[in-house]
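**Student:** Quick one: sequence and predicted model below, then my questions.
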Amino acid sequence: MTESAAGGLKTAVVCGGAGFLGSHLCDRLVADHRVICIDNFHTGRRRNVAHLSSRECLVLLEHDIVEPLSLAGENIDRIYNLASPASPVHYQSDPLRTVKTNVLGVLNLLELARHHNARFFQASTSEVYGDPLEHPQRESYWGNVNPVGVRSCYDEGKRCAETIVYDYRRQHDLEVRTVRIFNTYGPRMLADDGRVVSNFIVQALAGRDLTVYGQGTQTRSFCYVSDLIEGMVRCMEQEEFSEPINLGNPIEFTVSDLARQVIRLTGSASKLTYGALPEDDPKRRLPDITLAQRHLNWEPAVPLEDGLCRTVAWFREAGQA
């Protein structure tokens, strides 16, 4: 069990805790933490944490982190910030809200962490690298981001969030941890989130042709959700390294390769169709995970085919297609 300095279970706040990643993090933390799961249910879903409702160590609060949060009477040890829409379909649907979540929301949570002297975890993103000119992407790379493009509400919002986090570390001596998350997939993805894995699975299970944007030669690295959550928890709990760390799969796949794997694993008769590449869509995306290997003793363990099989099975059982 993870005990606080005052004795008893440590209390961890998970913002965005009813989302895809947040709910899996709550699953992991309730084993040895008291968890306060906070979500405004913009993209999170109550069903993602419904199976935890009987656990006394989990508290579910509906709150938007754009508004200040006090949690009076609580002794908070850890704050995980995963509160932001993370797929282009969702973060572009209300770009100003996305910016506010990633700037005002982060400020509010850092103030909460400072008040409680809690360690703060920021879920950042590979999108801080934009359409990268360096390959693979190392944490020292400053990125190639369009500051006025349709993706900038998220890309620049997350870049600004990192700035704020490290200014709090320097100015207030706050303990912080940051991971830059590369493409992650698995159960509880939303069927309409517009991400390539969920898009392909939903289309294949419905017998529709799979929509590939561009020529399908753009690359991504796909990390199964359980691997990511393991890396996040290790990052939060390691004591010596507080600089941003990439978490993702260092194996590169083209989008067309992914589409063909999904067709094969679903047994679908779907074909590939091609559409225009979205504005500022990165052409190559691959993490250098040397720092994660060195400081967290972490690397992905679930092969893409195994993870896709689990994800396809979940979409079938959940009726998300």
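**Tutor:** Nice, I can see it. Numbering: from 1, shown residues only.

**Student:** count of residues packed around residue 142?
**Tutor:** By other C-beta atoms under 10 Å, 10 other residues sit near residue 142. Where you see a C-beta, it was placed from the backbone N, CA and C, and this is true even at glycine.

**Student:** mind listing what it touches?
**Tutor:** For residue 142, the contact set (C-beta atoms under 8 Å, 6 or more residues apart in numbering) is empty.

**Student:** where's it relative to residue 250, distance?
**Tutor:** Look at residue 142 and residue 250: by C-beta to C-beta, to the nearest Å, they are 20 Å apart.

**Student:** What of residue 136?
**Tutor:** From residue 136 to residue 250 the distance is 7 Å (C-beta to C-beta).

**Student:** joint contacts of the two?
**Tutor:** With C-beta under 8 Å, 6+ apart, residue 136 and residue 250 have common neighbours 286, 287, 288.

**Student:** ok, residue 172 - contacts?
**Tutor:** residue 114.

**Student:** actually residue 97, sorry about that
**Tutor:** Taking C-beta under 8 Å, 6+ apart, we find residue 97 in contact with 42, 66.

**Student:** Just the pLDDT for it.
**Tutor:** If you check residue 97, the pLDDT there is 95.

**Student:** So residue 122 belongs to a strand, correct?
**Tutor:** Yes. Per DSSP: H, G, I helix; E, B strand; the rest coil, residue 122 lies within a strand segment.

**Student:** Next, residue 180: secondary structure please.
**Tutor:** Counting by three-state DSSP, the backbone at residue 180 sits in strand.

**Student:** Look at it and say how many residues are nearby.
**Tutor:** Residue 180 has 23 nearby residues by other C-beta under 10 Å.

**Student:** can you check residue 125 too?
**Tutor:** Neighbour count of residue 125, defined by other C-beta under 10 Å: 21.

**Student:** isn't it right next to residue 88, touching?
**Tutor:** No. Contact criterion C-beta atoms under 8 Å: residue 125 and residue 88 do not qualify, at 11.8 Å.

**Student:** Mutual contacts of these two, please.
**Tutor:** residue 154.

**Student:** And residue 123, how close does it get to residue 314?
**Tutor:** 22 Å.

**Student:** wait, I meant residue 105
**Tutor:** 29 Å.
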